[in-house]
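S.K.: Fold the following for me, if possible:
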Amino acid sequence: MPIKDMLKTPGQWLNGSGEESEIILSSRIRIARNLETRRFTHNAPNEELAAVLEQSRSAANETAALKDSRYLDMGGVSTLERQFLAERHLVSREFLFNSSNRGLVVNMSEDLCLMINEEDHLRIQAYSSGLELAKAFETASRLDAELAPQLKFAYSERFGYLTACPTNLGTGLRASVLIHLPGLVHGKEIHKLLDSLRQLHHSIRGLYGEGTDVMGNFFQLSNSATLGTPENVIIANLREMVVKVIGFERRAREMLFHKARSLLEDKVWRAYGLLRHSRSVSSKEALSLISAVRLGVGVGLIRDLSTRTLNELLVYIQPAHLQMLEGEPMEPGERDVARADLIRKTIADSANHQED
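M.R.: Model (predicted):
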């Protein structure tokens, strides 16, 4: 089954490459589009949504961008498998519910996917490792351009591309980065920074986007508005802002390293020891520990772990991934034991590989 095949290989965006990949886990571009002759998904009857699904899937099959891809009919995907897709950042939380007449097309490397009948008829999503917004935009735009001749998109000379939510009007573009900011959190500067970002029309969300909590000092930073601003300007503005945030984070880390080095080292090595030896760990605690170890890698204290290993752990320690790896449903306590086992083995394998 396609989803079980996906379990074998992490998404390419987790590979730890790209600019500033120690602080920026990934860049994402999302483009919203709607079909001109169809009602928005929240107002369309099932037969119309079914027609949108069939028409969009057929068009996707004709594109070079999605030539080698998997198609998942969400109506035939189990609850556990839907959670798995959300943990991979391939679908939104909203997409998991009311799955009738919804489909997902995802390429084999998982850096490009198409959600059909989410809030909008089409949500194109492209991912890159590190701070590579332009690369992700190029990937998403290629699919957008290939779909356009087959699916006439709803467009207004005054408002640009028409979308179900007014905040997406214009370009329909949402650019975002997944960023790790432990220095600013520990330095008590994060709330001031987040307030400044909001005033500059940027959105800040948790690890899994809208409606999710911030965990492990991981944040999603994105543009808020799309109307009246060209795509290249949206991306350039976000990149400029992210580069400034990276500078703030680096200075906060340097401050911790020079003024509270013993406390920093104690936090990092305690976290590393717990990850290497714990027999039971919750997902929330694991994220916090991984965050501390990632900080240790970033400041040069830990040298036998790669960014890629830590990126992959962030995904594989999640509940659905653990249960699919085990091949059976597990209670929370059982997952905590399986999570600790997976972390210990992964870290040991990584350390042995570094030695080799």
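
S.K.: What about the closest residue to residue 279 other than its chain neighbours, how many residues nearby?
M.R.: Distances taken as C-beta to C-beta, 6 or more residues apart in numbering put residue 340 closest to residue 279, at 5.3 Å, once the chain neighbours are dropped. Every C-beta, even on glycine, is put in place using the N, C-alpha and C of the backbone. For residue 340, the neighbour count with other C-beta atoms under 10 Å is 21.

S.K.: Quick one: distance of the host helix or strand of residue 340 to the chain centre.
M.R.: Here residue 340, judged by DSSP states H and E, is contained in helix 332-355. Remark: helix 332-355 is offset 22 Å from the chain centroid, using C-alpha atoms, centre = their mean, to the nearest Å.

S.K.: same deal with stretch 278-296?
M.R.: Relative to the chain's own centre, stretch 278-296 is displaced by 19 Å; criterion: C-alpha atoms, centre = their mean.

S.K.: That one: which residues count as buried?
M.R.: 278, 281, 283, 285-296 (16 or more other C-beta atoms under 10 Å).

S.K.: With stretch 103-118 instead?
M.R.: 103-107, 110-118.

S.K.: and what of stretch 245-263?
M.R.: With burial defined by 16+ other C-beta under 10 Å, the residues of stretch 245-263 counted as buried are 245, 246, 248, 249, 252, 253, 256, 257.

S.K.: next one: stretch 64-78
M.R.: Neighbour-count burial for stretch 64-78 [16+ other C-beta under 10 Å]: 65, 66, 69, 70, 72, 74, 77.

S.K.: which residues of the stretch 201-350 of the chain fall in strands?
M.R.: Ranges of strands within the stretch 201-350 of the chain are 202-205, 218-223, based on DSSP state E, counting those that start in this stretch.

S.K.: Could you dump the ones you listed into TSV with mean pLDDT added?
M.R.: TSV is the format used below for the strands of the stretch 201-350 of the chain (pLDDT from 0 to 100):
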stretch	mean pLDDT
strand 202-205	82
strand 218-223	92
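
S.K.: With adjacent residues omitted, what lies nearest to residue 176?
M.R.: Distances taken as C-beta to C-beta, 6+ apart place residue 222 nearest to residue 176, at 3.5 Å, with adjacent residues excluded.

S.K.: what pairs with the one you found across the strands?
M.R.: On the basis of DSSP bridges, residue 222 is bridged to residue 176, residue 203.

S.K.: That one touches residue 175, doesn't it?
M.R.: Yes. Judged on C-beta atoms under 8 Å, residue 222 makes contact with residue 175 at a distance of 6.2 Å.

S.K.: can you list residues touching both of these two?
M.R.: By C-beta atoms under 8 Å, 6 or more residues apart in numbering, residue 222 and residue 175 have these common neighbours: residue 238.

S.K.: State which strand of this structure is the longest.
M.R.: strand 24-33 (DSSP state E).

S.K.: That one - what's its average pLDDT?
M.R.: Taken as a whole, strand 24-33 has a mean pLDDT of 97.

S.K.: who does it touch, helix- and strand-wise?
M.R.: Using 3 or more C-beta pairs under 8 Å, 6 or more residues apart in numbering; DSSP states H and E, the elements in contact with strand 24-33 are strand 122-129, helix 133-147, strand 173-180, helix 231-259.
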